[in-house]
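K.L.:
structure for this input, please:
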Amino acid sequence: MIRNAEKNILLLNQARVRALEDLNKILSEKEDLQGEINMLEMRLAETDARIKVAAQDKIHVELLEDQLEKLRNELSQRDVNDHEGVKHGMNENLSDVYNESHVSHGDSIHSINKELISLKKENDSLKNDLKELQSELIKVKKTDERVIMLENDCLSLESALKDMELKLTVSQEDVSKLSSLRLECKNLWEKVENLQELLDNATKQANHAISVLQQNQELRKKVDGLEKSLEEANSYKLASEKMHQYNELMYKKIKLLEERLEQSDEEIQSHVNLYQESVKEFQDTLNSLKEESKRRATDKPVDDMPWEFWSRLLLTVDGWLLEKKLSPADAKLLREMLWKRDVRICEAYASCKDKNELEVISAFLRLTSSRRSPGLHIIHIAAEMAPVAKVGGLGDVVTGLSKALQKKGHLVDIVLPKYDCMDYDRIRDLRALDAVVESYFDGRLFKNKIWIGIVEGLPVYFIEPHHPDKFFWRGQFYGEHDDFKRFSFFSRAALELLLQAGKKPDIIHCHDWQTAFVAPLYWDLYVPKGLNSARICFTCHNFEYQGLAPASELASCGLDVHQYNRPDRLQDNSAHDRVNPIKGAIVFSNIVTTVSPTYAQEVRTAEGGKGLHATLNFHSRKFIGIINGIDTDAWNPVTDVFLKVQYNANDLQGKAENKEALRRHLGLSSTDIRQPLVGCITRLVPQKGVHLIRHAIYRTLELGGQFVLLGSSPVPHIQREFEGIANYFQSNDHIRLILKYDESLSHSIYAASDMFIIPSIFEPCGLTQMIAMRYGSIPIVRKTGGLNDSVFDVDDDTIPPQFQNGFTFVSPNEKGVNGAFERAFNHYRSNSESWEQLVKKVMDIDFSWDSSAAQYEELYEKSVARTRAANHD
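P.N.:
Numbering: from 1, shown residues only. Coordinates of the predicted model:
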């Protein structure tokens with residue numbers, strides 16, 4: 001405390017010295033300023049005097065100018081008078097008067113001129129003096145301004161001086177306090193000396209106590225040693241007593257065991273006898289079961305044959321029927337046997353491997369037993385089917401849903417156009433039937449060649465029209481000027497195939513506007529012809545595409561334009577001279593579905609319905625949204641042949657290796673293993689939020705991540721824009737844009753990505769987010785359509801934790817993307833363990849078609865049941 005007080009005194013003294021020095025400086029500056037002010041005041045007085053003199057001179061000049069003006073006026077007046085005098089006195093002494101007046105007049109003019117010249121000189125000198133006075137006045141004004149500034153500075157210095165004086169008084173008070181502190185310090189020193197004496201005495205006592213304590217510790221150690229020895233002795237005594245008791249107990253147990261052993265020998269002998277009797281009985285039972293099994297073998301379905309086998313035989317039977325080698329009744333009988341996978345079909349097929357076709361047909365006709373089919377007969381009529389004819393999600397849905405329904409025991413057929421650009425390598429056993437189906441179009445009949453093949457274990461019929469316009473030999477699936485004609489022709493040809501093949505399906509399922517014509521054609525033209533067993537299900541995968549066309553084009557496929565171009569049928573809600581195939585399918589189908597529950601709600605609004613919201617609301621009782629599934633066999637990181645390393649949710653090291661492999665393949669930096677990689681696989685169209693994808697590329701770079709885009713655009717200016725971005729980032733270590741579709745690369749990107757961006761403006765269902773999660777990539781999506789039904793925000797407390805699986809945003813703008821990106825990057829970097837748990841959770845989510853197929857199955861069965869009940873009544 002004393003040291004602190006001394007320090008404070010020293011600081012106060014230093015502050016006081018500095019304050020005095022500052023005060024002296026201020027006083028000297030004040031004196032200098034006062035001298036300058038005195039000088040300025042003197043100069044100001046001189047200037048005022050000169051101004052007064054100048055003012056007097058100016059007044060004098062003005063008086064002189066007035067006098068000069070008067071003289072001029074008198075002179076002019078005098079000239080006039082002299083002229084009149086000369087005129088009247090011409091006859092009286094003209095020459096004398098003239099001479100006198102002339103002389104006097106000349107003298108007066110000369111004197112006036114001299115006076116005038118002198119006045120002008122005096123005036124000029126006065127003007128010069130006036131200008132000098134004005135300049136001096138300006139200097140004086142500037143001097144006044146400086147004086148004001150100096151006065152302000154003086155005032156500020158005076159205020160500073162007052163502050164210093166206050167500080168000085170405070171320091172003086174502190175000095176007085178310091179004197180009192182010195183007295184306290186003196187008292188404290190005295191107390192410290194007393195305490196030091198006490199401390200010395202206490203130290204002596206403590207040293208004595210420590211020596212006594214050390215002696216006590218040595219004694220304590222000896223006591224502890226004795227106690228330990230005593231405990232060991234007691235424990236040894238107890239152990240010996242327990243051992244004696246244990247020996248006695250064991251002797252008793254041995255005697256008891258000997259007695260039981262004798263009893264068990266007798267029991268074992270009796271059990272052996274019983275076992276021999278039971279073996280004999282079992283053998284008898286086994287023989288009877290074998291006989292029963294042989295008897296029932298023909299009634300059991302065969303489960304060990306692949307679906308391709310049954311699909312091939314179904315197509316073979318249908319081919320025989322179309323080629324007139326079987327009657328419709330026999331074909332129906334064989335279909336039912338194939339449907340239930342009858343073992344006798346397998347036996348007949350095996351026995352006919354080396355026989356010709358007629359012998360095979362004869363062998364099949366000898367099969368007579370049949371049962372009612374276990375499921376429904378469903379026929380899909382579509383423009384796409386993965387993987388042979390795929391443009392978007394429609395192809396995946398047709399294949400995935402059909403396979404799931406087939407596994408549930410239903411008979412599923414698919415009818416497709418035979419495009420020239422299909423992937424024919426993915427079709428097994430493709431062959432043309434020796435039969436031609438004729439269908440009506442543009443007022444005449446056209447022949448269609450029918451092909452059959454197996455795709456993903458499913459029986460598929462391919463229709464090849466013999467039309468001069470070569471409808472499906474264009475090198476592409478869609479985008480032709482006559483798409484309306486192409487697909488209305490196909491829809492009618494497909495129904496004609498079903499009719500001529502003698503099929504009696506329970507459900508005809510058509511998809512999107514390309515086969516929406518099936519619904520009105522079925523009820524108008526084919527039910528009267530006998531194709532009347534089916535209920536129509538229509539699925540719209542995207543209401544953005546409606547296939548609008550002039551109403552007159554509807555006549556080509558045989559529909560009456562006047563009957564169907566009506567507000568309650570196919571007439572478009574916005575243009576009365578155009579027809580809308582989607583609207584027609586909604587009106588004429590028994591079941592109408594779309595690809596997610598949220599999208600089903602969105603399209604019933606004016607904004608989302610694209611003009612069909614009124615029609616959908618009117619038919620809302622038969623309209624439902626069922627979210628799609630994905631083909632979990634094709635999209636499976638455990639078996640994916642496109643991956644460098646297969647992996648699963650319990651072994652994520654493979655995912656890290658795939659990330660490293662993709663980086664090497666694309667030339668991206670691998671310096672930071674934990675650097676997040678964002679993937680994006682999409683068609684670059686406005687619906688997919690291309691402006692947000694573009695922003696996401698740059699935002700990822702700002703956040704220190706990597707970005708890989710795979711996809712192309714059918715819109716030229718969008719494709720050019722992204723080509724420019726790709727070129728800009730060509731040498732960048734963290735961004736790659738691959739502007740095409742590559743199946744193999746898509747699998748690698750799903751496996752390598754840590755996050756997946758899907759910023760769609762609207763998204764009916766979307767499969768990308770499900771595939772991404774299947775491969776352990778966390779989705780970042782906009783809350784719309786099917787994205788809203790499958791991705792739930794990890795930061796949304798209203799969502800149960802077990803369902804939280806991604807990051808979402810609402811607003812379709814850069815701010816929305818930024819918020820979701822920043823949350824995802826922070827989560828990834830700040831909590832790696834939590835992120836890994838999230839990855840494992842999303843990989844275990846079931847996105848298969850099982851659940852969705854069960855919902856379709858329920859819709860089908862209810863619709864068929866209502867029909868059967870109505871027919872029964």
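K.L.:
next, the buried residues of stretch 503-521.
P.N.:
503, 505-521 (16 or more other Cβ atoms under 10 Å). Glycine gets a C-beta too; all of them are placed from N, C-alpha and C.
K.L.:
with stretch 198-218 instead?
P.N.:
Under 16+ other Cβ under 10 Å, stretch 198-218 has no buried positions.
K.L.:
same check on stretch 425-432?
P.N.:
Buried, per 16+ other Cβ under 10 Å, within stretch 425-432: 426-427, 430.
K.L.:
one more: stretch 843-858?
P.N.:
So for stretch 843-858, counting by 16+ other Cβ under 10 Å, buried means 843, 847-849, 852-853, 856-857.
K.L.:
in JSON lines: these, plus secondary structure, distance to Thr605 and pLDDT.
P.N.:
Formatted as JSON lines, the buried residues of stretch 843-858 follow (DSSP: H, G, I helix; E, B strand; the rest coil; distance: Cβ to Cβ, whole Å; pLDDT from 0 to 100):
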{"residue": "Met843", "secondary structure": "helix", "distance to Thr605": "35", "pLDDT": "96"}
{"residue": "Phe847", "secondary structure": "coil", "distance to Thr605": "27", "pLDDT": "92"}
{"residue": "Ser848", "secondary structure": "coil", "distance to Thr605": "31", "pLDDT": "93"}
{"residue": "Trp849", "secondary structure": "coil", "distance to Thr605": "29", "pLDDT": "95"}
{"residue": "Ser852", "secondary structure": "helix", "distance to Thr605": "24", "pLDDT": "94"}
{"residue": "Ala853", "secondary structure": "helix", "distance to Thr605": "29", "pLDDT": "95"}
{"residue": "Tyr856", "secondary structure": "helix", "distance to Thr605": "25", "pLDDT": "97"}
{"residue": "Glu857", "secondary structure": "helix", "distance to Thr605": "29", "pLDDT": "94"}
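K.L.:
redo those as TSV? Include distance to Ala869.
P.N.:
Putting the buried residues of stretch 843-858 into TSV (distance: Cβ to Cβ, whole Å) gives the following:
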residue	distance to Ala869
Met843	45
Phe847	35
Ser848	32
Trp849	29
Ser852	26
Ala853	24
Tyr856	20
Glu857	18
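K.L.:
where along the stretch 301-450 of the chain do the strands fall?
P.N.:
Counting by DSSP state E, counting those that start in this stretch, the stretch 301-450 of the chain has strands at residues 377-381, 411-417, 428-441, 444-455.
K.L.:
so for Leu71, which of these sits nearest?
P.N.:
strand 411-417 (122.2 Å; Cβ to Cβ).
K.L.:
and the closest one, what other elements does it pack with?
P.N.:
The helices and strands touching strand 411-417, judged by 3 or more Cβ pairs under 8 Å, 6 or more residues apart in numbering; DSSP states H and E, are strand 377-381, helix 393-407, strand 458-465, helix 483-500.
K.L.:
restricting to C-alpha, output that strand in CSV.
P.N.:
The C-alpha trace of strand 411-417 is given here as CSV (Å, rounded to 0.1, in the frame of the first residue of the first chain):
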residue,chain,number,x,y,z
LEU,A,411,-49.1,-59.4,-63.7
VAL,A,412,-47.6,-56.3,-65.3
ASP,A,413,-47.1,-55.6,-69.0
ILE,A,414,-45.7,-52.4,-70.6
VAL,A,415,-46.3,-50.9,-74.0
LEU,A,416,-43.8,-48.5,-75.5
PRO,A,417,-43.1,-46.9,-78.9
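K.L.:
got the angle between it and strand 458-465?
P.N.:
30 degrees (axes from the mean of the first three to the mean of the last three Cα atoms, to 10 degrees).
K.L.:
mind checking how far strand 411-417 is from the chain centre?
P.N.:
Strand 411-417 sits 36 Å away from the centroid of its parent chain (Cα atoms, centre = their mean, to the nearest Å).
K.L.:
and that strand, which strands flank it?
P.N.:
Sheet partners assigned to strand 411-417 using DSSP bridges are listed as strand 377-381 (parallel), strand 458-465 (parallel).
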